[in-house]
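[1] Mind looking at a prediction? Sequence and model below.
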Amino acid sequence: MRGKDIMGVFNILIVLGVLGAISYAALVLQPEEYDPDTLCLAGETPPHVALVIDKTDFYSPQQAIRIEGLVLDSRDQLTVGEMLSLYELDARGELINTNDFSLCNPGRGDQINPLYRNPQRVEARYQALFEGPLQAALADLVEPKESPASPIVEALARLAVEADFDRETPQRTVILVSDMLQNSRLFTVYAGSRSDLTRTLPDPRIVADAVTAEFGDALAGVTIEVHLIPRPGWESQQAGVIRAYWEEVFRLLGVRDRWTAL
């Protein structure tokens with residue numbers, strides 16, 4: 001075979017190789033199908049971050065700004081395909097999904113591979129389907145609505161039996177903004193004097209057993225990040241007796257907790 005013929009065959013093989021690689025990329029690297037209602041990958045259970053604002057508390061305009069920043073930080077830390085839900089514990093002591101916002105991050109323009117998806121189109125889709133609904137929910141979420149009832153642990157347990165936040169959900173995380181001053185039939189911090197809480201609060205095991213009796217081990221494995229709202233006159237108890245009490249309740253329920261002041 002002459003040299004030109006060999007070169008021709010070699011070039012043909014190169015072209016076939018390139019075409020094969022393009023075909024492989026089209027088949028293997030194409031975007032996976034999304035659920036149009038949740039923006040999650042179809043057929044998969046995504047990791048889930050639930051941000052819960054305890055609106056039975058009152059918070060200042062400065063704290064409202066920090067809460068808004070917390071929501072936006074949570075948004076920015078989402079990986080592609082991870083779900084974010086916004087909830088509020090309302091004036092009736094009910095856990096409400098704010099504006100029905102429970103969506104997976106479909107990917108921002110800077111989070112996708114430009115080899116097989118257009119970053120500009122992806123970003124436009126993200127802004128229209130994820131960021132827009134988030135901003136609409138955020139406007140209501142940060143408006144305080146003070147209430148005397150505050151069934152915090154019950155609300156967390158109810159969340160943990162929701163279909164998209166139950167034991168089958170990987171990496172369940174609750175970001176909780178609250179003063180942690182529980183006030184319900186299960187237990188209340190207001191039953192006695194502030195200086196004598198260690199005597200008036202029920203044994204943590206009684207609380208944990210009551211939650212388990214109604215909800216099973218639904219909270220086991222959940223990570224809770226508590227962003228504590230300080231209350232005038234309660235600051236020392238919140239940082240001391242009340243935090244220690246919650247930490248023991250959480251331990252008995254199998255919850256991992258982290259705390260920070262808002």
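    Nice, I can see it.
[2] how close does residue 218 get to residue 154?
    Separation of residue 218 from residue 154 (CB to CB, to the nearest Å): 11 Å. Any C-beta I mention is one placed from the backbone N, CA and C, and that applies to glycine too.
[3] meant to ask about residue 38
    According to CB to CB, residue 38 and residue 154 sit 26 Å apart.
[4] go on, residue 217?
    Computed with CB to CB, the distance linking residue 217 and residue 154 is 15 Å.
[5] Looking at these two, which has the bigger crowd around it?
    residue 154 (21 against 12; other CB atoms under 10 Å).
[6] pull the CA atoms of the lengthiest strand in the chain into CSV?
    Criterion DSSP state E: the longest strand present in the chain is strand 95-104. Provided in CSV are the C-alpha atoms of strand 95-104 (Å, rounded to 0.1, in the frame of the first residue of the first chain):
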residue,chain,number,x,y,z
LEU,A,95,-45.4,23.5,60.2
ILE,A,96,-46.2,25.1,56.9
ASN,A,97,-44.3,24.7,53.6
THR,A,98,-43.8,28.4,52.7
ASN,A,99,-45.2,29.0,49.2
ASP,A,100,-44.9,25.3,48.7
PHE,A,101,-41.2,25.8,48.0
SER,A,102,-39.5,22.4,47.8
LEU,A,103,-37.2,22.3,44.8
CYS,A,104,-34.0,20.7,43.8
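[7] and the residue most central in space within the chain, which of the three is it?
    The residue lying closest to the centre of the chain (CA atoms, centre = their mean) is residue 49, at 1.7 Å. Following DSSP: H, G, I helix; E, B strand; the rest coil, residue 49 is assigned to strand.
[8] Per-residue confidence, it, what does it come out as?
    Residue 49 is assigned 98 on the pLDDT scale.
[9] now swap in the one 3 residues further on and tell me
    Note for residue 52: predicted pLDDT of 95.
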